[in-house]
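Peer 1: I would like the atomic coordinates for the input below:
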Amino acid sequence: MPASLDDTTIERAVATRKRRRRSSSEEPSSRNAAIIGILLALVAILLGIALLSYSPADQSNTEVSLSELLRLLRNDDAVRAKLETTHNWLGLLGAIIADFLLHDTFGYAAVLLLALPMWWARDLFRMGTVDDATWRKSALLLLCVCAWSLWFGALRLVWNGLAIEWSGLVGEFLATISATIAGTMGAIVLSSAMLFFACVFVTGTSLVALVNRLRAAGVHAASALAVTVNRIFASKTTAPKPQKINVQDSDSSRELFAFLRRTAQAEPRIVTPTEEDLPTPTGRTTKQQQPGDPAPAGSAARKLTLTVQPSPQSNLPAQQSPTQDQSPQAADRIRTNSDETILFTPPPLDLLLSGKEEQHIDEEELKTNARLLQEKLETFKIKIENVTVIPGPVITQYEFVPAAGVKISQIEALADDIALALKAKGIRIIAPIPGKGTVGVEIPNHTPSLVRFRSIVASRTFRDYRGVLPLGLGKTITGDVYCCDLAELPHLLIAGATGSGKSVGINTIIMSLLYRLHPRHLKLVIIDPKKVELTFYTKLKHHYLAASPDIDEVVVTSPTNAVVILKALVAEMEQRYDLLAKVGQRKISDYNRKLAEGTLKNSSDQPLEPMPYIVVIIDELADLMMTARNEVEDSIIRLAQLARAVGIHLVVATQRPSVDVITGLIKANFPARIAYQVASKVDSRTILDTVGAEQLLGNGDLLFTPGGQRPIRLQNSFITTEEVEAITDFIGKQRGYSTPYMLPSVAQGTGRRSETDADFDPLFVEAARIVVHAQQGSTSLLQRRLRIGYSRAARIVDQLEAAGILGPFDGSKARQVLIESDAELDMRLGELGLI
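Peer 2: Residues are numbered from 1 along each chain as shown. Next up, the predicted model:
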């Protein structure tokens with residue numbers, strides 16, 4: 001038999017087996033911890049790359065859904081275009097993550113959060129688990145991040161120019177709560193203390209040691225200051241007397257005096273800020289509201305608070321900036337007045353009236369109206385529940401839930417009865433409220449508040465709004481500032497009766513653009529057939545206005561000139577499309593961005609130039625439709641259909657919203673509409689495709705339909721004529737471009753032109769060929785073939801008679817054509833100098 005093993009040998013073997021079993025079970029767990037650590041480190045690196053390459057211009061591309069990202073795999077053109085215009089190094093996903101961290105969470109403090117996954121990865125590599133000390137340090141770091149965000153959020157309450165990326169929405173929310181509890185200064189003090197202690201705890205610094213260091217630093221600074229002061233006084237008391245220097249007549253002395261004379265005669269070099277200091281459009285809004293592109297809202301806000309008075313000289317040529325771009329690509333960027341750099345100062349807020357806008361909320365009135373509303377509905381056996389009152393500056397909305405079995409149509413039919421019971425006008429019923437299972441009744445306040453334009457442009461909503469062409473339309477029924485982007489609408493149709501606030505609304509639209517855009521990026525075409533509403537914008541001729549070389553007006557008041565400038569806009573649109581096709585771009589924002597970056601390929605010999613956005617303001621469409629219906633309608637329809645991609649946008653207003661003015665084709669191309677108070681339900685349906693505008697109160701009360709959505713009720717802000725004149729004077733007194741922005745000429749013939757054809761209509765040659773080919777000279781023929789109005793056709797017929805092409809008037813018969821062939825006509829036109 002084998003010898004028996006002793007107890008020691010057996011115990012040693014059992015221990016070895018347990019140790020092997022334990023090590024084999026620990027290997028997978030340590031390997032899993034290492035894998036998790038690698039993933040955490042990789043996540044931290046990717047987040048760092050996304051944050052490092054963050055660009056505010058990418059906000060226009062962050063509003064994408066998961067389905068849109070998946071469409072990128074199928075090479076979807078729309079998503080591919082967003083990807084190509086994204087600056088983030090990680091593409092669309094990186095732009096979305098960076099925008100979420102910097103804008104929607106903690107702001108720039110989110111960079112500190114990258115330390116968390118790195119700490120956790122380190123512990124997982126070393127110990128296979130995250131140490132308790134690391135968890136405590138992570139919690140303290142998160143506290144420090146919140147304190148950072150809160151501190152900058154409190155600063156944003158005082159300094160409006162600070163961009164939201166410094167605090168994020170979390171910091172802004174915490175600062176608002178702190179300011180509500182302890183006031184603005186209290187919020188700043190509390191956030192500063194919180195940030196200080198958070199940094200102390202994270203770094204592990206002793207408070208006693210820190211105080212000693214600060215005291216020692218203060219003593220050292222005081223002693224250094226004392227030594228410096230003593231040296232200054234000592235140098236003054238013992239300063240040596242100046243020595244006399246005998247300068248002999250030598251070559252070196254002559255060179256010295258020549259240099260001094262040249263220096264004295266040289267003009268001083270003044271370095272002044274240029275338009276690069278102002279925000280440039282990018283084409284995108286914030287998430288609260290929409291396109292594209294202005295620069296960060298903080299930059300715009302800083303420029304709005306300037307109070308520097310400009311030079312009293314006006315309409316002078318712009319000066320070149322000494323810091324003008326001299327890169328090789330700069331030679332292909334500029335033309336005409338684009339090569340001029342003007343020293344432009346935006347109008348300050350001090351030019352606007354700052355009347356008090358205290359909202360008068362009478363709780364007793366609100367309770368009484370709610371009780372009367374409930375009693376009146378119960379009279380018609382309509383029971384309601386959960387009445388909620390939402391007071392606004394002009395309108396108060398009473399929101400309630402109808403009882404089961406109550407039809408919405410029953411409530412809508414009681415608008416007049418509710419108005420009678422509440423002794424109010426302008427009752428509007430919203431049934432149901434979009435996104436809610438409730439019904440809203442809008443009732444005017446007995447003491448409405450005045451919404452001034454200054455409260456709109458000075459608001460944080462307007463300053464942070466990142467649209468290409470931002471418009472501050474007014475305030476909602478809850479008192480919130482409402483902004484939209486004209487570039488996304490992309491055109492706006494406005495209608496309202498006399499005295500409804502339409503003209504004031506047009507002024508606020510123009511002023512919203514002037515407060516946000518530099519003249520380099522915006523041009524206006526203003527058509528005012530009434531001749532008195534918008535003529536004071538003539539002062540902006542050398543800054544913001546675009547003109548036609550064929551007419552002598554910059555603010556167009558003549559219907560004939562209106563036709564010419566609309567055709568010039570069509571020609572401008574076609575030229576821009578031709579240019580985009582040559583350089584391979586799809587829209588104006590891509591073109592301007594790549595041109596500024598110097599990455600645009602120019603295959604033609606002509607230098608490229610930046611395209612400004614052009615906003616066309618037509619104050620009264622009805623007058624134009626009465627005088628030149630066909631020409632005006634054709635040009636407006638063409639612009640509305642095609643001009644969006646090349647940066648031309650229309651704002652068309654009329655006080656006669658009838659079907660003969662707002663035709664079907666015009667309505668189809670103007671999805672965004674504003675309706676002020678109108679006379680009847682028919683007019684309301686014409687402008688909004690629904691009723692409700694006839695119930696508005698006037699004085700800026702409006703319904704805004706942002707393209708296919710349900711109307712939104714707003715109170716337009718009020719701006720006086722004196723405020724508008726003060727702003728136009730302020731801009732007009734500054735040095736502008738040497739010439740206005742010139743649109744293409746549409747009055748040029750196909751051949752040479754002499755000075756004697758100044759009285760001939762631009763369509764004279766075409767009309768002559770029409771009557772010769774038809775051998776019939778009549779006004780109706782020219783109206784049909786040329787699609788012009790009667791007055792213009794009759795004037796061309798008279799010109800044809802004076803030129804010897806048509807015979808005299810012969811009663812009801814058509815005029816005799818005196819020329820029988822094209823060769824004879826060409827000879828006659830040559831004699832007139834027209835070909």
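Peer 1: Buried ones in stretch 528-542, by neighbour count?
Peer 2: Neighbour counts over stretch 528-542 (16 or more other Cβ atoms under 10 Å) mark 528, 529, 533, 534, 536, 537, 539, 540, 541, 542 as buried. Yep, even glycine has a C-beta here, placed from its N, CA and C like the rest.
Peer 1: swap in stretch 487-504?
Peer 2: Buried residues in stretch 487-504, counted by 16+ other Cβ under 10 Å: 487-497, 500-504.
Peer 1: Pull up the distance across it, start to finish.
Peer 2: Using Cα to Cα, to the nearest Å, the end-to-end distance of stretch 487-504 comes to 21 Å.
Peer 1: and what of stretch 474-483?
Peer 2: End-to-end distance for stretch 474-483: 8 Å, by Cα to Cα.
Peer 1: Can I take it that residue 188 is in a helix?
Peer 2: Yes - counting by DSSP: H, G, I helix; E, B strand; the rest coil, residue 188 is found in a helix.
Peer 1: Mind putting the buried residues of stretch 528-542 into CSV with pLDDT?
Peer 2: Output for the buried residues of stretch 528-542, formatted as CSV (pLDDT from 0 to 100):
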residue, pLDDT
528, 93
529, 90
533, 88
534, 92
536, 89
537, 94
539, 93
540, 94
541, 92
542, 91
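Peer 1: Could I get the full set of strands for the stretch 451-600 of the chain?
Peer 2: Listed in chain order, the strands of the stretch 451-600 of the chain (DSSP state E, counting those that start in this stretch) span 470-476, 481-485, 492-495, 522-527, 546-547, 555-556.
Peer 1: nearest to residue 86, of those strands?
Peer 2: strand 481-485 (19.5 Å; Cβ to Cβ).
Peer 1: what about that closest one, average pLDDT?
Peer 2: If you average the pLDDT over strand 481-485, you get 94.
Peer 1: and it, what does it pack onto?
Peer 2: Under the contact criterion of 3 or more Cβ pairs under 8 Å, 6 or more residues apart in numbering; DSSP states H and E, strand 481-485 touches helix 460-464, strand 470-476, strand 701-706.
Peer 1: can you give me the helices in the stretch 551-700 of the chain?
Peer 2: For the stretch 551-700 of the chain, the helices defined by DSSP state H, counting those that start in this stretch cover 559-583, 588-597, 621-627, 629-642, 664-668, 681-688.
Peer 1: Would you mind saying which of those lies nearest residue 135?
Peer 2: Comparing the helices of the stretch 551-700 of the chain under Cβ to Cβ, the one sitting nearest is helix 588-597, at 45.5 Å.
Peer 1: by contact count, what packs against the closest one?
Peer 2: Identification of packing neighbours for helix 588-597 by 3+ Cβ pairs under 8 Å, 6+ apart yields helix 559-583.
Peer 1: in the helix it packs on, what counts as buried?
Peer 2: Buried residues in helix 559-583, defined by neighbour count with 16+ other Cβ under 10 Å: 559-570, 572-573, 576, 579-580, 583.
Peer 1: Look up how far residue 494 lies from the spatially most central residue of the chain.
Peer 2: Taking Cα atoms, centre = their mean, the centroid of the chain lies closest to residue 467, which sits 2.5 Å from it. Relative to residue 494, residue 467 is positioned 18 Å away (Cβ to Cβ, to the nearest Å).
Peer 1: Any idea how far stretch 614-622 is from the middle of the chain?
Peer 2: Relative to its parent chain, stretch 614-622 has a centroid offset of 20 Å by Cα atoms, centre = their mean, to the nearest Å.
Peer 1: Please disregard the earlier target; I meant stretch 178-190.
Peer 2: How far stretch 178-190 lies from its chain's middle: 32 Å, per Cα atoms, centre = their mean.
Peer 1: which outside residues touch it?
Peer 2: Residues from elsewhere that reach stretch 178-190 (Cβ atoms under 8 Å, 6 or more residues apart in numbering): 150, 151, 154, 155, 157, 158, 175, 191.
Peer 1: 7 Å instead?
Peer 2: Contact with stretch 178-190 is made by 150, 154, 155, 157, 158, 175, 191, as judged by Cβ atoms under 7 Å, 6 or more residues apart in numbering.
Peer 1: what's the neighbour count on residue 420?
Peer 2: Applying other Cβ atoms under 10 Å, we find 12 residues neighbouring residue 420.
Peer 1: Need the residues that contact stretch 789-796.
Peer 2: In contact with stretch 789-796 (Cβ under 7 Å, 6+ apart) are residues 627, 628, 629, 630, 631, 761, 763, 764, 767, 779, 782, 783.
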